[in-house]
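Visitor: Build me a model from this:
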Amino acid sequence: MSLYELEKWKRYPIPAGCEFVKDTREQSGGLFCNPPDDLVIVRKCLKHGDYSIVGYEDSITIERKCSDFWAYVGAERQEKTIPKLEAMSKYLWAGLVVEVDPFRIPSNAIETKEGGKKLTKMDIWNFFKSCSIHYHIHVFWGNRYVVECYVLVHLTYCYKHFGKLRKEAG
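Guide: Predicted coordinates for the structure are as follows:
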């Protein structure tokens with residue numbers, strides 16, 4: 001029995017035909033190790049992000065970060081993060097989920113590879129602000145269960161919303 005069944009929380013029902021995609025490069029484990037019974041997860045390589053929906057792989061994406069979050073914001077920002085954010089910003093809908101407390105910054109987290117200043121809480125806020133405003137990427141953080149709920153609800157809603165738009169467009 002999954003946590004979803006134990007809590008009986010209200011969520012959008014997963015529509016028939018809605019299947020999630022989990023990137024093959026996503027760490028073992030990742031989200032949905034014990035998914036709800038009505039959730040189908042397909043493993044395949046995604047261009048960007050770690051999670052999507054079958055049929056929407058090039059238009060809907062969610063990037064998941066956990067213990068590597070501070071390198072993503074700091075040392076890897078110029079080389080890896082900004083190009084990834086720019087690519088994700090071209091999607092119809094993109095999200096970034098952080099599966100740690102982003103403000104509990106490890107003492108060894110630095111701003112740049114060259115060993116610049118240590119990351120601060122303001123650096124994290126500015127990163128989130130940039131994601132939201134400049135790149136149009138929805139940002140969310142929490143523990144594993146809360147992040148799974150966020151991903152489940154948002155991908156399910158995206159499937160319904162963008163599916164409706166596709167039908168209307170013919």
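
Visitor: Okay, now the unreliable bits of this protein?
Guide: Scanning the chain for pLDDT under 70 picks out 1-12, 28, 112-115.

Visitor: quick one, what contacts Lys22?
Guide: For Lys22, the contact set (Cβ atoms under 8 Å, 6 or more residues apart in numbering) comprises 30-32, 41-43, 50-51. Every C-beta, even on glycine, is put in place using the N, C-alpha and C of the backbone.

Visitor: Can you give me the buried ones in the top helix by length along the chain?
Guide: Counting by DSSP state H, the longest helix found in the chain is helix 144-169. Using 16 or more other Cβ atoms under 10 Å as the test for burial, helix 144-169 gives 144, 147-152, 154-156, 158-159, 162-163.

Visitor: Ile110: which of those residues is nearest?
Guide: Distance to Ile110, by Cβ to Cβ, is smallest for Val147 among those, at 25.4 Å.

Visitor: The closest one and His154 touch, don't they?
Guide: No - Val147 is not in contact with His154 according to Cβ atoms under 8 Å; the separation is 10.7 Å.

Visitor: what's the burial count for Glu63?
Guide: Counted with other Cβ atoms under 10 Å, the neighbours of Glu63 add up to 23.

Visitor: Kindly report the same for Thr24.
Guide: With other Cβ under 10 Å as criterion, Thr24 counts 10.

Visitor: Contact partners for it?
Guide: Thr24 makes contacts with 43-45, as judged by Cβ under 8 Å, 6+ apart.

Visitor: Could you single out the nearest of these to Lys121?
Guide: For the contacts of Thr24, the nearest to Lys121 is Cys45 (35.1 Å; Cβ to Cβ).

Visitor: Not counting sequence-adjacent ones, nearest residue to the closest one?
Guide: Closest residue in space to Cys45, ignoring its immediate chain neighbours: Thr24 at 5.0 Å, by Cβ to Cβ, 6 or more residues apart in numbering.

Visitor: State the distance from that neighbour to Lys44.
Guide: Distance, Thr24 to Lys44, by Cβ to Cβ, to the nearest Å: 6 Å.

Visitor: Repeat that for Asp37.
Guide: Distance from Asp37 to Lys44, by Cβ to Cβ: 22 Å.

Visitor: do Val153 as well
Guide: With Cβ to Cβ as the criterion, Val153 and Lys44 are 22 Å apart.
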